[in-house]
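In: can you look at this prediction? I've put the sequence above it.
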Amino acid sequence: MILQLFRIFLDVILPVFTLVVIGYFAGPRLGLDARTLTRFAYYILVPAFTFNIISTATLEAILAIKMIIFMIAVQLSCLVLALLAGWLFRRPGTVTASYILVATFANVGNFGLPIIEFRLGQEAVVGGSVFLLAVTTSAFIMGVAAANWHKKSSMGAALAVFKTPALIAVVPALLFNWIDIEPPLFASRAIALLGVAMIPTMLVTLGVQLAGVKKITLGKDVFIGSGIRLIGGPILAILLVVPFGLTGIARGAGIIQASMPVAVLASIVALEHNLLPEFVTTTVLFSTLVSIVTLTVVLAII
């Protein structure tokens, strides 16, 4: 078992973390600006990736719908868990909102997809991408709404959600997919190049962000937020995967995506909406480091 865990860590986890380490050490030495990189990813790379995946996705409709509903159920369960944690620990509204942000924004893109490919094979990437779209869309809706709820009306929060670049890209992508037409070749190639750049850019950006954290305060909120994401996520997925009838690669990919640490996108949203960005970034850092252990265990179990 120990040898199996070590091989999973070496072959699956370590390649992903290598890019984060590169960003951590190269960022300060090259003068890379985390704010510029995150905004570039938020407004350009993530929408391009979203459009590219949705517009070209091919999967059995019934299975895809089942997978999407399953992942949304997991996301809603994580949101409820975050609300319960905020209520039980008597945390202020901003902290509870940040719990929701870190609970729903799993790192299903730049962590989830390569880990799924390394562990389950290339054929699992399509399923992983379906889960990615479900997580990303629901996370933007839940997370951005939570980030705005404490300072705006419910209507303002809803409008802020639909201004999110990644969600705006979903509409034309679905139209291209359903109508079964292709964009002009120059456009599809440009979008594909930007989409491919998202994962390595965001992994390196995470390293740059982490290098910029001057003071790490590991208070109880960091432990609570990380626990919801790293422990609550996979447990909820394992409990829900049976009633949804997911098996094989779909089952494995769903559990893996639900087990991811907090995404860099959570830090980007926190910065954009001024929702305790230092706490959220610290939770991204802590959950990412701890996921070396938790993801290795989850991958061994499935």
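Out: Received it, and whenever you're ready, just let me know what you need.
In: wait, residue 85 touches residue 99, no?
Out: Yes: judged on Cβ atoms under 8 Å, residue 85 makes contact with residue 99 at a distance of 5.7 Å. For every residue, glycine as well, the C-beta is placed using N, CA and C.
In: which of these two has more neighbours?
Out: More crowded of residue 85 and residue 99, by other Cβ atoms under 10 Å: residue 99, with 29 against 21.
In: secondary structure element for that one, which one?
Out: Residue 99 is part of helix 93-104, with elements assigned from DSSP states H and E.
In: contacting residues around the very next helix or strand once past that helix?
Out: With elements assigned by DSSP H and E, the helix or strand that comes after helix 93-104 is helix 113-120. Residues outside helix 113-120 that contact it (Cβ atoms under 8 Å, 6 or more residues apart in numbering) are 8, 11-13, 15-16, 124-125, 127-129, 132, 199, 249, 252-253, 256-257, 260, 295, 299.
In: pull the CA atoms of helix 113-120 into CSV?
Out: Only the C-alpha atoms of helix 113-120 are listed here, as CSV (Å, rounded to 0.1, in the frame of the first residue of the first chain):
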residue,chain,number,x,y,z
LEU,A,113,-7.9,17.3,-15.7
PRO,A,114,-4.2,16.3,-15.7
ILE,A,115,-4.7,14.2,-12.6
ILE,A,116,-7.7,12.4,-14.2
GLU,A,117,-5.7,11.8,-17.4
PHE,A,118,-2.6,10.5,-15.5
ARG,A,119,-4.8,8.2,-13.3
LEU,A,120,-7.7,7.1,-15.5
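In: I'd like the average pLDDT over that helix.
Out: Mean pLDDT, computed over helix 113-120, is 87.
In: please renumber so the chain begins at 11
Out: Will do, 11 is the new start, and the previous item becomes helix 123-130.
In: what do residue 95 and residue 109 both touch?
Out: Shared contacts of residue 95 and residue 109 (Cβ under 8 Å, 6+ apart): 101, 234, 238.
In: between those residues, which sits nearest residue 202?
Out: Proximity of the shared contacts of residue 95 and residue 109 to residue 202 (Cβ to Cβ) peaks at residue 238, which lies at 34.7 Å.
In: this completes my enquiry, with thanks.
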